[in-house]
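Participant: What shape does this take:
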Amino acid sequence: MRIALALLAVLCIVGTVVAYTKLQYNNGDEILRRLQLYDGKTYVLFFYDAPGANRDLRTTNDYYKDRLRSEILEPNPDEPTEYIYAEIDATDYYGNGYLVDRLNVTRDSLKEKPNIVVMKDGKGNVIYGPTAMNSVQTSLEKLSQPPE
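Facilitator: Down below sits the predicted model:
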């Protein structure tokens, strides 16, 4: 009985820790179709250039990914919004190229830093650069406001 209660307590804690759902997809077209549903959900898409042997790019990508998760996607008691999150390899031209092009993700910038797309009901931003996390937070706040 104690084990069952302990397991239930752990599940409750784990269930409240995650404020985002990681989107499982086969190609970028699936993501694009979801974005076109205008379903009222907020999407946070992390576009990266597969680093291969480039350790600096891998470190940069991991740094931004970790900051995105810890500063924005993790739960905030004041903001109970749940986000749909996906990590997209922009070097997979066959699988994700159309999505990258449609969302105007800048391929050249991906060689230095990832791009983050924040979108809800067809509105959003492509964000990259040193102030990306602040810009993502600002975009999410604007998207969470009711339309005028």
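Participant: use CA for all of it now, contacts and neighbours both
Facilitator: Will do.
Participant: Quick check: Tyr20 vs Glu71, distance?
Facilitator: Counting by C-alpha to C-alpha, to the nearest Å, the gap from Tyr20 to Glu71 is 12 Å.
Participant: cool, and Lys142?
Facilitator: Taking C-alpha to C-alpha, one finds Lys142 at 17 Å from Glu71.
Participant: do Gly28 as well
Facilitator: Remark: distance between Gly28 and Glu71 (C-alpha to C-alpha) = 26 Å.
Participant: more crowded one of the two?
Facilitator: When Gly28 and Glu71 are compared on other C-alpha atoms under 10 Å, the one with more neighbours turns out to be Gly28, at 21 against 14.
Participant: pretty sure Tyr63 belongs to a strand, no?
Facilitator: No - counting by DSSP: H, G, I helix; E, B strand; the rest coil, Tyr63 is not found in a strand; it is helix.
Participant: Below-threshold pLDDT in this protein: ranges please.
Facilitator: By pLDDT under 70, the low-scoring segments of the chain are 1-18, 75-80, 148.
Participant: show me where it has helices.
Facilitator: Counting by DSSP state H, the segments of the chain that form helices are 2-17, 28-35, 55-68, 93-102, 132-144.
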